[in-house]
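**Student:** Got a predicted structure plus its sequence, pasted below:
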Amino acid sequence: MKLSYYPGCTMKNHAANFEASLLYSMRHLGAEVEELDRWNCCGTVMALAQDDIMRQLAPIRNLIRVKESNASRVMTACSMCYNTLKRANGRVRLEPAVRERMNAFMYEENVSYDGEVDVLHVLEVLREQEDGLKSVAAKVVKPLNGLRVASYYGCLLVRPRTVAFDDVEAPVLLDELVTVLGGTAVDFSHKTECCGAYQTVDRPEIVADRTYQILTAAIEQGAEMIAVSCPLCAFNLDHRQKATRKIYPDFEGIPVVYFTQLMAMAFGCDESVLKLDLHHVSPRPLLARVGLL
């Protein structure tokens, strides 16, 4: 299986643990991941302003790069990148006037894009294998036995409905992945609540409050770890725990990891792949206790 891959900016720095574990896991599953040539930032929140076509050019340029590579599908892992690329692609496909204006903006010669590329999150790729997640289960060499994981979807995997690849109100795909990896999936009430997103820049107290509500809900259901698919969610739920404790002295910390790190561990990776030093609340003690390190 050959996959065209759009990494996005954060995977190359603050979320290097996300990318390293993703690439390791996909290789273990037999996939050939080919990073896009000449990719650019997806535009993040700027591209989500629906009335501003200019802001949509960044994600569409990436889809043009996919088309130029003769691929018809592109995989991404970051929830923000997925949401941004998918929504921009939807506008091109469904709104002829927007498509015409976008193509007119492009300065390269003979460039046009009509929505030919399909945008997939890596979770969709795993689900769409011949045997679905059974193919993942067959590759597990070190089950996550004893690890109780709450999967946090946040906003961008399930909103808006037009980009969601799971149930909007009660998504289960991440939970199912945890289960086939040998862990115990913990359902909790705040799995699709917003983490506060970019409020973390100028209103960190809002994010600290959201972190408290989300993580406490998971802890109360017996979770020992949170799995995420968004570098911004990872930052807010992990790095903002110190600020959370200042507001809520009773707050209990909990490690936050990327779901791809869980995959890589279950597939028998070396600890170097996990890059645990990038975590504010270290998962190392918990992972050592359950025999995964």
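**Tutor:** In hand now; what should we look at?
**Student:** how about the helices in the stretch 1-150 of the chain?
**Tutor:** 16-28, 57-68, 79-94, 96-105, 122-127, 133-137 (DSSP state H, counting those that start in this stretch).
**Student:** Would you mark the buried spots in the third one?
**Tutor:** Read it as helix 79-94. 79-89, 91-92 (16 or more other Cβ atoms under 10 Å). Heads up, the C-betas are built off the backbone N, CA and C, glycines and all.
**Student:** And those, which is closest to residue 234?
**Tutor:** residue 79 (10.0 Å; Cβ to Cβ).
**Student:** what's the closest one in contact with, if anything?
**Tutor:** 121, 154, 155, 156, 157, 229, 230, 233 (Cβ atoms under 8 Å, 6 or more residues apart in numbering).
**Student:** Now flag whichever of the residues you listed is closest to residue 1.
**Tutor:** Nearest member of those to residue 1, counting by Cβ to Cβ, is residue 121, at 15.6 Å.
**Student:** Surely residue 169 and residue 193 touch.
**Tutor:** No - using Cβ atoms under 8 Å, residue 169 is not in contact with residue 193; the gap is 11.8 Å.
**Student:** Those two: who's more crowded?
**Tutor:** Counted by other Cβ atoms under 10 Å, residue 169 and residue 193 do not tie: residue 193 has more neighbours, with 16 against 9.
**Student:** For the closest residue to the more buried one other than its chain neighbours, give its distance to residue 111.
**Tutor:** Of all residues not flanking residue 193 in the chain, residue 214 sits nearest, at 5.7 Å (Cβ to Cβ, 6 or more residues apart in numbering). Counting by Cβ to Cβ, to the nearest Å, the gap from residue 214 to residue 111 is 42 Å.
**Student:** who has more neighbours, these two?
**Tutor:** Taking other Cβ under 10 Å, residue 214 and residue 111 do not tie; residue 214 has more neighbours (26 against 12).
**Student:** For the more buried one, which residues are in contact?
**Tutor:** Contacts of residue 214 (Cβ under 8 Å, 6+ apart): 152, 190, 193, 195, 237.
**Student:** name the element it belongs to?
**Tutor:** Element membership of residue 214 [criterion: DSSP states H and E] is helix 204-220.
**Student:** Enumerate the positions of that helix that are buried.
**Tutor:** For helix 204-220, using 16+ other Cβ under 10 Å, the buried residues are 204, 207-212, 214-219.
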